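Asker: Here you go, sequence then predicted model.
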Amino acid sequence: MICPRCDDATAFQFFESPEKGAWELYRCPRCFFVWRSTEEEEVIRPDLYDPDFKLNDERIRQMSDKPPIPPLRRQK
Amino acid sequence: MAYNSLRDFLRRLEEEGQLLRIKEEVSLEPDVRTIACAATKSATGPAILFEKLRGYPDKQIAMNVHGSWANHALSLEMPKHTPVKAQFFEILRRWDRYPLKPKRITNAPVKQVILKDDFSLFKELPLFRVNPMDGGFYLSKACVAARDPEDPSNQNVGMYRMQVKDHKRLGIQISAQHDLAIFLRKAEEINQPLRVAVSISNDPSVPFVAVSPLKYNEDEYSMMGAIRGEALETVASEHGDLDVPAHAEIVIEGAITPRKRFIEGPFAEYPGSYSTSMMQVEIEVDTITRRRDTLIFENLYTGEPWTEIDYLQGLNTCATIYKQMKADFAEVEAVNAMYTHGYCTIISAKMRFGGFAKTLGCRLLSTPHGVTYPKIIIIVDEDVDPFDLNQVIWAMTVRFRPERDLVIIPNAPASTLDPAHLVRGLGTKIIIDAARPAYPDIPLSDAASVVIPTGVPFWIEEIQKRMAKP
């Protein structure tokens, strides 16, 4: 399965509806995107996903830490 | 008698005509968000209870629970038509009952079922995508309890957005200005996990206080008691000796992994725009406790204001800032910080001397909330009601002199969610002194305001009464 957001090809089904047959959930191991099989096409189809919200390696590298990781305290 | 639980409050909302049950089956996307958004835009702003969710036979969703002034008044057990300003002054009165400490009990509804190993957040909660471009399914009205790693007597409860990323994994957004960020920094400096307990679907005082910007050492549970007028019942978490609300529908326990960051977001936030994606911390979930009945999952829709969040974080933010400023400056009459979580904040006060409005503007910027959120600060005289925008704009048009009364503070701390800033977290603030110049400032050339005739208040009521008669 291809992640609609970051196009990673290793996304997989990880859950199905407690009431069988209603829908399945998928998740992307790279960008952690989660989607339901019954959502709008603009959300679940890689080719229709809004380019402004797409993720790639460069965008992921540029993300800053929130909050920043502090230095380890020196042991006395 | 204070509400004991979300269920109690939903019953009251229904009695007062402020709850709509959606009985037909709905899809989690897009029906829940569509109907919740419509509720925020409708004239009466009812809460919505979705009774039949496609795929989840034993779950329900409650939305827009605080999402109108009527619901807000009822959450405070006031008549539903209580004017906003009257609700503000009632909150101030209750604020003075602080601290009313929580009462820890042992036999709590939220402990009817305890899950420690084999569970999935996706099975326990009817999760859904709140807005189409959100990076996942979010808990948007959950309250997080944690303790200061260096001083465990200091417990904090706050509302933070949480992205459900896997069966037992939550992303959480912790902004630098929040108390939880201070706890996290201390935990990360010594490379220790930070225990948290996340309560969902609470009595209305819990989220109301969780979003209030109290001081670092103030106890949210004791403020919930003050707002309710009765001690909040809590119960001990399974791990970490945290207090959790005893009557919540469900509590998720886990620990924040120290010194690691993972992709989180985006999420549509209260400014009516999506946040960016950033590298944020995660909670490894190890325990769930919950009620045995059909679960009611309370969540919050955010979008173009006004939505539920504007009501939920409106008057409590005003009250917190008011109390903090009033302690230093008795001249402060009222504070309106309701617009985009206080991005625009209006303060009315008596002017002690010329330039005093600038002093008040700067004091606002040194309150816990004021450090980041306020961007447009408007100071008006005590005769201007800051909750009446007609009056505020009038004061700006006739008392504000841009060449003397405008202060610009560049490169100041700002909300990271404000889409207008070039650098997230850094922005420019303005103080608009829309008060009459006081001595030794130069008076306005036409300073004599028209006086309202003394009989006017009587006649306002009289006209209403006579008009009401058939």
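Answerer: All right, it came through fine. Numbering: from 1, shown residues only, chains lettered A, B, ... in the order given.

Asker: can you tell me if the helix ranked longest in chain A touches chain B.
Answerer: Secondary structure of chain A read by DSSP state H shows that its longest helix is helix A:57-62. Yes - Helix A:57-62 comes into contact with chain B (C-beta under 8 Å from any C-beta of the partner chain), by way of A:59, A:60. Just so you know, the C-beta spots here come from the backbone N, C-alpha and C atoms, and that holds for glycine as well.

Asker: Now do that helix, average pLDDT.
Answerer: If you average the pLDDT over helix A:57-62, you get 96.

Asker: residues contacting the residue nearest the centre of chain A?
Answerer: Centre of chain A computed as the mean C-alpha position; nearest residue by C-alpha atoms, centre = their mean is residue A:33, 1.7 Å away. Contacts for residue A:33 were tallied using C-beta atoms under 8 Å, 6 or more residues apart in numbering or on different chains; they are A:3, A:4, A:5, A:6, A:11, A:27, B:135, B:136.

Asker: which two of the residues you listed lie the greatest distance from each other?
Answerer: Of all pairs drawn from the contacts of residue A:33, the greatest distance, 13.8 Å, lies between A:11 and B:135 (C-beta to C-beta).

Asker: could you dump whichever strand or helix holds residue B:459 to PDB, C-alpha only?
Answerer: If you go by DSSP states H and E, residue B:459 is part of helix B:456-468. Extracted in PDB, the C-alpha atoms of helix B:456-468 (Å, rounded to 0.1, in the frame of the first residue of the first chain):
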ATOM      1  CA  VAL B 456     -31.600  55.600  30.700                       C
ATOM      2  CA  PRO B 457     -31.000  52.300  32.500                       C
ATOM      3  CA  PHE B 458     -34.600  52.500  33.900                       C
ATOM      4  CA  TRP B 459     -36.000  53.200  30.500                       C
ATOM      5  CA  ILE B 460     -34.100  50.400  28.800                       C
ATOM      6  CA  GLU B 461     -35.800  47.900  31.000                       C
ATOM      7  CA  GLU B 462     -39.100  49.800  30.700                       C
ATOM      8  CA  ILE B 463     -39.000  49.700  26.900                       C
ATOM      9  CA  GLN B 464     -38.200  46.000  27.000                       C
ATOM     10  CA  LYS B 465     -41.100  45.300  29.400                       C
ATOM     11  CA  ARG B 466     -43.600  47.300  27.300                       C
ATOM     12  CA  MET B 467     -42.500  45.800  24.100                       C
ATOM     13  CA  ALA B 468     -42.800  42.300  25.600                       C
END
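
Asker: Give me the buried stretch members for it, please.
Answerer: By neighbour count, with 16 or more other C-beta atoms under 10 Å in any protein chain shown as the criterion, helix B:456-468 contains no buried position.

Asker: for chain B, what are the nearby residues on chain A?
Answerer: With the criterion set to C-beta under 8 Å from any C-beta, chain A comes near chain B through A:5, A:14-15, A:17-19, A:22-23, A:25, A:27, A:31-36, A:38-40, A:42-43, A:50, A:53, A:55, A:59-60, A:63-67, A:69-73.

Asker: give me the number of residues near residue B:209?
Answerer: 28 (other C-beta atoms under 10 Å in any protein chain shown).

Asker: before we move on, what SS does it have?
Answerer: In terms of secondary structure, residue B:209 is helix; the call rests on DSSP: H, G, I helix; E, B strand; the rest coil.

Asker: Surely it touches residue B:227?
Answerer: Yes - contact status for residue B:209 versus residue B:227: in contact at 6.1 Å, counting by C-beta atoms under 8 Å.

Asker: coming back round to it: what is the nearest of the contacts of residue A:33 to residue B:116?
Answerer: Using C-beta to C-beta, those come closest to residue B:116 at residue A:27, 23.2 Å.

Asker: List the residues that contact the closest one.
Answerer: Applying C-beta under 8 Å, 6+ apart to residue A:27 gives the contacts A:11, A:12, A:14, A:33, A:34, A:35, B:165, B:166.

Asker: Columns distance to residue B:311 on top of the residues you listed, output as TSV?
Answerer: Written out in TSV, the entries for those read as follows (distance: C-beta to C-beta, whole Å):
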residue	distance to residue B:311
A:11	38
A:12	40
A:14	36
A:33	31
A:34	29
A:35	30
B:165	29
B:166	33
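
Asker: ok, so of those, who is nearest residue B:187?
Answerer: Proximity of these to residue B:187 was ranked by C-beta to C-beta; the top entry is residue B:165 with 20.5 Å.

Asker: Now the closest residue to chain A within the stretch 1-150 of chain B: phi and psi?
Answerer: Ranked by C-beta to the nearest C-beta, the top residue of the stretch 1-150 of chain B for proximity to chain A is residue B:55, at 3.3 Å. Comment: the main-chain dihedrals of residue B:55 come out as phi 100, psi -20, following degrees, to the nearest 10.

Asker: And it, how far from residue A:3?
Answerer: For residue B:55, the distance to residue A:3 under the criterion C-beta to C-beta, to the nearest Å works out to 22 Å.

Asker: of these two, who's got more company?
Answerer: In this view residue B:55 and residue A:3 are compared by other C-beta under 10 Å, and residue A:3 has more residues nearby, 26 against 21.

Asker: show me what contacts the spatially most central residue of chain B?
Answerer: For chain B, the residue sitting closest to the mean C-alpha position, by C-alpha atoms, centre = their mean, is residue B:313 at 2.7 Å. With C-beta under 8 Å, 6+ apart as the criterion, the residues that contact residue B:313 are B:211, B:212, B:270, B:341.

Asker: 10 Å instead?
Answerer: Neighbouring residues of residue B:313 by C-beta atoms under 10 Å, 6 or more residues apart in numbering or on different chains: B:66, B:159, B:207-208, B:210-213, B:270, B:337-338, B:341-342, B:369.

Asker: Next: residue A:11.
Answerer: Listed by C-beta under 10 Å, 6+ apart, the contact partners of residue A:11 are A:1-5, A:26-31, A:33-35, A:46.

Asker: Tell me how far it lies from chain B.
Answerer: According to C-beta to the nearest C-beta, to the nearest Å, residue A:11 and chain B sit 13 Å apart.

Asker: next one: stretch B:45-59 to chain centre, how far?
Answerer: Stretch B:45-59 has its average C-alpha position 24 Å from the chain's average C-alpha position, going by C-alpha atoms, centre = their mean, to the nearest Å.

Asker: Report all helices and strands that the one helix or strand residue A:14 maps to contacts.
Answerer: Assigning secondary structure by DSSP H and E places residue A:14 in strand A:12-16. Other elements packing on strand A:12-16 under the criterion 3 or more C-beta pairs under 10 Å, 6 or more residues apart in numbering or on different chains; DSSP states H and E are strand A:24-27, strand A:34-36, helix B:121-124.

Asker: Save those as TSV, and put in distance to residue B:387 and mean pLDDT too.
Answerer: Compiled in TSV, the helices and strands packed on strand A:12-16 are given as follows (distance: least, C-beta to C-beta, whole Å; pLDDT from 0 to 100):
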stretch	distance to residue B:387	mean pLDDT
strand A:24-27	45	98
strand A:34-36	41	98
helix B:121-124	40	98
